[in-house]
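Student: When you get a sec, could you give me coordinates for this:
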Amino acid sequence: MFREETSQSKTTLRLHKRIARLKALALQYKRAEITQNALLEISNFAASVTTPKEFYSSLHKSINELIPADNFFVATQNAATGKLEVPFFLDEKDAHPDDCYPDEDLSETLYSGLTGYVLKTEQTLICDNDIYQQLVKSNAITLRGSSCCQWIGTPIKSAEQTIGVLVFQSYNPEVSYSEIEIELMQFISHHISGVIQRLNNQEQLEQAIDTRTKELSIAYNKLKQEVYERRRAERLQKSLFEIADLANSNIDNQQFYSEIHRVISHLLPVNNCFISLLNEQRNSLTFPYFVSQFDIEPPKPRPLSDGLTEYILFNHKPRLLEKSDINALIDSGELYKAAPELNDTKEIHQWIAVPLFIHGQVSGALTIYSYSFSQTYQEKDLELLTFVSQHIATAIEKKLSAESLKLSYEQLEDKVNQRTQALADANNDLEKEISQRKRIERQLVHDAKHDNLTGLPNRSMFMERLTQAIKHVRRHTLNRFAVLFIDMDRFKLLNDTLGHLEGDRFLIETAKRLKLCIRSNDMLARLGGDEFVILLDSISDSQDAEDVAQRVLAELSRPYQLANQQFNSSGSIGISMSGQNRSDTSESILRDADTAMYQAKSQGKGCFVIFNNQVNKQQITDIKLENELKAAISNQQLQISYLPIMRLNTAEVVALEPRLFWHHPTLGKIKQNQLNNIAEHCNMIIELDNYLFQMINNSFSQLQSIYGNEVRLQISISSQHLNHKFALRAFKNRVKQFTFDKNKITLFFDEKAFVQNTNNHISAFESLSSLDINLGIEGYGSAHSAISSLTFLPVDALKLDPSYCSHLENSQHLKLVKAYFSAAQALDIAVFAVGINDERQLDVLQNIGFEIGQGVVLGEVFELPLTPIDRSIKQACA
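Tutor: Model (predicted):
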């Protein structure tokens with residue numbers, strides 16, 4: 001019995017040992033499987049990563065599954081500099097070496113420690129604290145970092161050369177590294193070496209690609225320059241052919257010189273050009289041709305003097321003169337000393353002149369010049385003009401020597417016979433040229449009827465098709481068609497902000513979208529600019545046209561991708577239908593569609609309007625009213641009235657605001673605001689202001705007899721006087737013509753116009769302030785301009801917008817009025833309240849501090865002349 005129990009115990013013990021061994025094997029197998037998967041994963045991402053950072057991050061994640069890797073870093077040697085770098089660093093105790101030793105070079109720091117030791121020995125090192133101290137004592141390394149329990153470093157090799165070190169360390173006595181970890185580190189270091197080599201090769205490849213790309217770019221630019229030079233040469237050759245043709249043409253002199261100017265303009269900008277010729281006696285100059293961008297009168301024939309033209313004739317050389325060169329010649333006495341009245345070079349920026357050799361001697365000059373700094377000539381332009389001038393001189397010589405050419409005809413015929421054989425040899429080349437010319441002619445015919453930018457039919461071709469459609473519907477009365485006139489909204493904004501190149505791309509894309517909205521038998525054309533037209537042929541009724549218009553609006557409302565950004569636009573469409581009038585013509589139908597388009601724009605854009613005869617009649621009425629206003633100004637039928645500006649507490653008149661009015665024969669009295677609206681529509685606002693100035697100048701002495709010599713005027717002026725330098729110059733001359741003290745007037749300009757064109761107003765205000773007049777801004781607060789703008793404007797007075805007086809019960813409006821008043825006082829600017837209509841508003845404004853204002857409650861508008869009784873009544877009312 002005892003033996004049996006002993007036997008069973010031994011069997012049980014053996015089973016337990018076997019089970020324990022099996023569990024150990026299973027654990028070992030599982031660890032081997034994990035190790036295999038991790039190493040496979042390392043191999044996979046080592047072959048796919050594109051940056052070292054991505055590789056090391058993934059590497060750390062995979063290593064952590066195999067061995068403790070909380071204290072792990074990689075040091076690599078830069079192939080270009082030979083210095084050590086640390087692309088990945090992770091440690092529980094120590095910071096990055098750059099942070100631990102900020103005053104030391106990172107590479108020297110690493111070389112002096114264990115990392116540098118492994119790099120020098122090129123052998124794996126397992127180091128505990130004892131070995132570490134021994135190395136320090138032997139001066140093999142320098143003491144670096146915190147003390148650890150175990151440190152292991154493996155060299156990273158590439159082609160038998162050590163390029164870095166892979167390091168693990170442990171601060172925990174329970175964590176130690178064995179031969180298995182060393183093998184893993186050697187495997188990992190092999191992959192690190194491969195990744196570094198692969199990324200270096202990739203970088204070298206990218207550098208090679210960049211180098212080749214630059215070489216190709218240089219070659220492309222060179223080719224482009226050759227193409228440009230070739231085209232320039234072709235244009236020059238074509239121009240010379242045209243000049244040669246002109247020499248033999250049977251046209252009058254004026255047309256001949258105009259054609260010469262046209263040919264030259266194909267080669268370089270010639271907005272200002274003239275040709276001068278010596279007479280037969282060579283003692284006076286004539287100017288057979290003269291053109292100027294400012295429509296200056298052509299000079300009359302004159303005797304030779306010391307002008308610029310004579311300077312070229314006497315020197316026999318072409319010259320390109322800058323403004324400074326001309327001034328130097330004038331200062332030295334070479335020019336305009338004998339005839340200073342001929343000097344009109346003050347505005348000239350550059351001046352080019354080439355002598356014309358006719359009959360072997362200088363007999364005239366070809367001259368071009370520019371006024372603008374944006375139009376600059378160069379020496380190559382002078383060379384080109386000199387070359388062309390030889391042919392021009394030849395053409396002029398032929399023109400002047402037509403009779404002598406007739407006498408030389410027989411000699412010329414002999415020369416032609418001599419060259420006949422040579423021409424026969426060149427016959428094949430001529431046939432090719434003829435073929436090329438025919439192709440060009442066909443292209444010219446196409447271009448004459450199509451838009452160069454979009455390739456769409458142009459106005460000429462569209463009007464032909466529209467005329468055919470009108471004739472068709474007159475023969476077939478049941479058929480109908482419609483014309484859609486499309487104008488793109490915000491196109492000017494696009495050109496001003498993104499430039500004309502993006503504007504062209506916008507128009508091309510618009511043409512493509514419009515083509516998607518019509519049928520094959522319809523016609524889409526571009527009239528010019530941002531205007532397109534569609535002819536819808538064979539439609540049932542106006543609903544068909546409306547459906548197409550809806551599709552067009554939907555297409556045009558989609559965002560445009562221009563200059564790497566989105567640009568939103570829309571279209572305004574005017575529709576005219578056939579059959580509205582038996583006398584319809586292509587021009588009238590297109591005009592009706594254009595009229596409807598402008599109605600669509602006035603309704604807010606992005607919509608369509610079908611032409612309505614009643615609306616058109618109203619527009620005709622408006623045009624009639626505009627013409628009547630022009631006649632009224634011409635016949636001096638407008639009259640003037642004055643609105644008093646008073647002190648709020650004493651009702652003393654301190655100034656008057658002149659206002660025009662017009663007694664219309666049928667509409668009755670039309671006041672200043674209505675006159676301004678009409679004048680702005682017909683672009684006569686400047687003429688209206690000039691009329692007002694004339695009335696003020698004529699009646700000021702009468703005002704002084706009523707209100708005394710200290711009476712002042714506050715005049716509202718349109719900002720159109722400030723839009724450009726010529727308008728401003730005319731306006732200043734008008735002010736200088738005042739026969740009374742100009743310090744007694746204050747000119748007010750609207751704030752909205754100031755905000756819309758601030759730069760023009762600032763420069764114009766500075767110019768006007770020299771005239772000893774006062775300047776102000778009216779409607780202040782309506783455009784909410786920055787108060788800071790008042791600090792650099794020569795402004796003497798402000799008039800608040802009348803809307804503020806009407807809303808003084810609103811606390812926010814009241815705060816704004818107080819703020820404007822305080823700002824004006826702080827800047828020492830007079831401020832006036834406008835539109836005071838009742839006593840309550842008057843009290844509120846006086847409490848704020850306003851002293852001067854105008855409105856119904858203060859005084860009414862009166863007209864001149866006033867009798868003494870009338871004046872007393874007016875003053876009593878005030």
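Student: what's the neighbour count on the closest residue to M577 other than its chain neighbours?
Tutor: By the measure of CB to CB, 6 or more residues apart in numbering, the closest residue to M577 outside its immediate chain neighbours is A482, 5.2 Å from it. (Each C-beta comes from the backbone N, C-alpha and C, glycine too.) Burial measure for A482: 26 neighbouring residues, criterion other CB atoms under 10 Å.
Student: swap in H191?
Tutor: 18.
Student: Who are the packing partners of the helix or strand containing the residue nearest to M577?
Tutor: Under the criterion of DSSP states H and E, A482 resides in strand 480-488. For strand 480-488, the contact count by 3 or more CB pairs under 8 Å, 6 or more residues apart in numbering; DSSP states H and E identifies helix 459-475, helix 500-515, strand 531-539, helix 542-557, strand 571-577, helix 586-602 as packing neighbours.
Student: wait, doesn't the residue nearest to M577 sit right on G574?
Tutor: No. Counting by CB atoms under 8 Å, A482 does not reach G574; the two are 10.7 Å apart.
Student: Make JSON lines out of the helices and strands packed on strand 480-488 and add mean pLDDT.
Tutor: Formatted as JSON lines, the helices and strands packed on strand 480-488 follow (pLDDT from 0 to 100):
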{"stretch": "helix 459-475", "mean pLDDT": "91"}
{"stretch": "helix 500-515", "mean pLDDT": "93"}
{"stretch": "strand 531-539", "mean pLDDT": "93"}
{"stretch": "helix 542-557", "mean pLDDT": "92"}
{"stretch": "strand 571-577", "mean pLDDT": "92"}
{"stretch": "helix 586-602", "mean pLDDT": "87"}
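Student: quick one: low-confidence parts of the stretch 701-850 of the chain?
Tutor: Applying pLDDT under 70 to the stretch 701-850 of the chain picks out residues 783-784.
Student: can you give me the strands in it?
Tutor: 713-717, 745-750, 774-780, 797-800, 830-834 (DSSP state E, counting those that start in this stretch).
Student: what's in contact with the second one?
Tutor: Among residues not part of strand 745-750, those counted as contacts by CB atoms under 8 Å, 6 or more residues apart in numbering are 655, 696, 712-719, 722, 738, 761, 768, 773-779, 796-797, 799.
Student: Kindly recompute the last result at 7 Å.
Tutor: Outside strand 745-750, the residues that touch it by CB atoms under 7 Å, 6 or more residues apart in numbering are 713-717, 719, 761, 773-779, 796-797, 799.
Student: now the residue nearest to E628 when sequence neighbours are not counted: how far from P658?
Tutor: Of all residues not flanking E628 in the chain, H664 sits nearest, at 7.4 Å (CB to CB, 6+ apart). Per CB to CB, to the nearest Å, H664 is found 20 Å from P658.
Student: and the strands of the stretch 701-850 of the chain as TSV, adding mean neighbour count and distance to H681?
Tutor: TSV is the format used below for the strands of the stretch 701-850 of the chain (neighbours: other CB atoms under 10 Å; distance: least, CB to CB, whole Å):
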stretch	mean neighbour count	distance to H681
strand 713-717	20	18
strand 745-750	22	17
strand 774-780	23	20
strand 797-800	25	25
strand 830-834	22	25
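Student: Tell me which of the helices and strands packed on strand 480-488 sits nearest to F387.
Tutor: With respect to F387, and counting by CB to CB, the nearest of these is helix 500-515 at 31.4 Å.
Student: got the angle between that closest one and strand 571-577?
Tutor: 40 degrees (axes from the mean of the first three to the mean of the last three CA atoms, to 10 degrees).
Student: tell me what helix 500-515 is packed against?
Tutor: Contacts defined by 3 or more CB pairs under 7 Å, 6 or more residues apart in numbering; DSSP states H and E place helix 500-515 against helix 491-498, strand 523-528, helix 542-557, strand 560-562.
Student: Now do the buried residues in the helix or strand where E259 lies.
Tutor: In this assignment (DSSP H and E), E259 forms part of helix 253-265. Using 16 or more other CB atoms under 10 Å as the test for burial, helix 253-265 gives 256-257, 259-261, 263-264.
Student: same deal with stretch 131-140?
Tutor: 132, 135.
Student: show me the contacts for V831.
Tutor: For V831, the contacting residues are 798, 800, 820-821, 824, by CB under 7 Å, 6+ apart.
Student: Show me which of the residues you listed is closest to S602.
Tutor: S602 has its nearest neighbour among the contacts of V831 in L800, at 30.1 Å by CB to CB.
Student: Show the contacting residues for that closest one.
Tutor: 780-781, 817, 820, 831-834.
Student: again, only using 6 Å
Tutor: Under the criterion of CB atoms under 6 Å, 6 or more residues apart in numbering, the contact partners of L800 comprise 780-781, 833-834.
Student: Among the contacts of V831, which one lies nearest to K222?
Tutor: Taking CB to CB as the measure, K222 sits nearest to L798 out of the contacts of V831, at 62.7 Å.
Student: Touching, the closest one and A824? I think so.
Tutor: Yes. Applying CB atoms under 6 Å as the test, L798 and A824 come out as touching, 5.4 Å apart.
Student: and the helix or strand hosting H60, average pLDDT?
Tutor: Counting by DSSP H and E, the secondary-structure element that holds H60 is helix 52-63. On average, the pLDDT along helix 52-63 is 72.
Student: Quick one: distance of stretch 393-403 to the chain centre.
Tutor: For stretch 393-403, the distance between its averaged C-alpha position and the chain's averaged C-alpha position is 49 Å (CA atoms, centre = their mean, to the nearest Å).
Student: my bad, stretch 378-388
Tutor: Worked out by CA atoms, centre = their mean, stretch 378-388 lies 32 Å from the chain centre.
Student: For it, C-alpha coordinates in PDB please.
Tutor: What follows is stretch 378-388 as a C-alpha-only set of coordinates in PDB (Å, rounded to 0.1, in the frame of the first residue of the first chain):
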ATOM      1  CA  GLN A 378      15.000 102.800 -74.600                       C
ATOM      2  CA  GLU A 379      18.100 102.800 -76.900                       C
ATOM      3  CA  LYS A 380      16.700  99.700 -78.700                       C
ATOM      4  CA  ASP A 381      13.600 101.800 -79.600                       C
ATOM      5  CA  LEU A 382      15.900 104.500 -81.000                       C
ATOM      6  CA  GLU A 383      17.800 101.900 -83.100                       C
ATOM      7  CA  LEU A 384      14.500 100.400 -84.300                       C
ATOM      8  CA  LEU A 385      13.100 103.800 -85.300                       C
ATOM      9  CA  THR A 386      16.400 104.800 -87.000                       C
ATOM     10  CA  PHE A 387      16.200 101.600 -89.100                       C
ATOM     11  CA  VAL A 388      12.500 102.100 -90.000                       C
END
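Student: Now do that stretch: everything it contacts.
Tutor: Applying CB under 6 Å, 6+ apart, the contact partners of stretch 378-388 are 268, 318, 320, 352, 354.
Student: if we can go back for a sec, can you put the contacts of L800 in TSV and add distance to V533?
Tutor: As requested, the contacts of L800 are exported to TSV (distance: CB to CB, whole Å):
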residue	distance to V533
Y780	45
G781	44
A833	52
V834	47
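Student: circling back to that earlier point, higher neighbour count, H664 and P658?
Tutor: In terms of neighbours (other CB under 10 Å), P658 is the more surrounded of H664 and P658; the figures are 23 against 15.
Student: what angle separates the helix or strand harbouring the more buried one from strand 774-780?
Tutor: In the assignment (DSSP H and E), P658 maps to strand 653-664. Here strand 653-664 runs at an angle of 70 degrees relative to strand 774-780 (the same axes, to 10 degrees).
Student: In CSV, list the C-alpha atoms belonging to strand 653-664.
Tutor: What follows is strand 653-664, C-alpha atoms only, in CSV (Å, rounded to 0.1, in the frame of the first residue of the first chain):
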residue,chain,number,x,y,z
VAL,A,653,-27.5,135.1,-38.8
VAL,A,654,-23.8,134.2,-39.0
ALA,A,655,-23.8,132.7,-42.6
LEU,A,656,-25.9,131.9,-45.6
GLU,A,657,-26.1,128.7,-47.7
PRO,A,658,-26.9,129.5,-51.4
ARG,A,659,-29.2,127.1,-53.2
LEU,A,660,-30.4,127.0,-56.8
PHE,A,661,-33.9,126.4,-57.9
TRP,A,662,-35.7,126.2,-61.3
HIS,A,663,-39.3,127.2,-62.2
HIS,A,664,-40.0,124.4,-64.7
